[in-house]
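1. show me the folded form of this:
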Amino acid sequence: MTKEITRDNFNDVVGSDKPILLDFWAQWCSPCRMLGPILEELSNKYDDKVIIGKVNVDEQKELAQHFSVMSIPSVFIINDKQIVDNIVGVRSAMDYENALNALLEPVS
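-> Down below sits the predicted model:
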């Protein structure tokens, strides 16, 4: 299950040792609603390895500003407290999986 991210729990989530997929979305955004089921599926698949979080831009304006979100959906991949990727718009589940797998696979 995806985790609702607010300014109150943001620091705890980002402080995690797990990679984070952070989706900035809004209820009125049709592409955001299309992305929702993809992220739910990913949260089930990567449950113990990755945090999948959702930030409602209407309710969490400060976080949206902090990330300079200009368009939604906007997905940030965070690892070790650093943004390592940003995907704007809806993509296939495989695109998000590839971004996450790149962080989870050991570097040889």
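2. helices or strands next to the helix or strand harbouring P37 in the packing?
-> Using DSSP states H and E, the element containing P37 is helix 30-45. Applying 3 or more C-beta pairs under 8 Å, 6 or more residues apart in numbering; DSSP states H and E, we find helix 30-45 packed against strand 20-25, strand 51-56, helix 93-104. C-beta here means a position set from N, CA and C on the backbone, and glycine is covered the same way.
3. can you give the contact residues for stretch 90-107?
-> 19, 21, 31, 34-35, 38-39, 41-42, 45-46, 49-50, 73, 75, 77, 79, 84-85, 87 (C-beta atoms under 8 Å, 6 or more residues apart in numbering).
4. need the residue closest to the centroid of this protein.
-> L22 (1.8 Å; C-alpha atoms, centre = their mean).
5. beta partners of that residue?
-> Following DSSP bridges, L22 is listed with bridge partners G53, F76.
6. was I right about it contacting V84?
-> No - assessed by C-beta atoms under 8 Å, L22 is found out of contact with V84, at 11.5 Å.
7. overlap in contacts of these two?
-> The contact lists of L22 and V84 share 77-78, where a contact means C-beta under 8 Å, 6+ apart.
8. wait, what's in contact with I38?
-> Contacts of I38 (C-beta under 8 Å, 6+ apart): 90, 92-93, 96.
9. ditto for E59
-> Contact analysis of E59 by C-beta under 8 Å, 6+ apart lists T6.
10. ok, now R33?
-> R33 touches Q27, counting by C-beta under 8 Å, 6+ apart.
11. quick one: neighbours of the closest residue to S43 other than its chain neighbours, just the number.
-> In this structure, S43 finds its nearest non-sequential neighbour in I52, 4.0 Å apart by C-beta to C-beta, 6 or more residues apart in numbering. I52 has 25 neighbouring residues, counting by other C-beta atoms under 10 Å.
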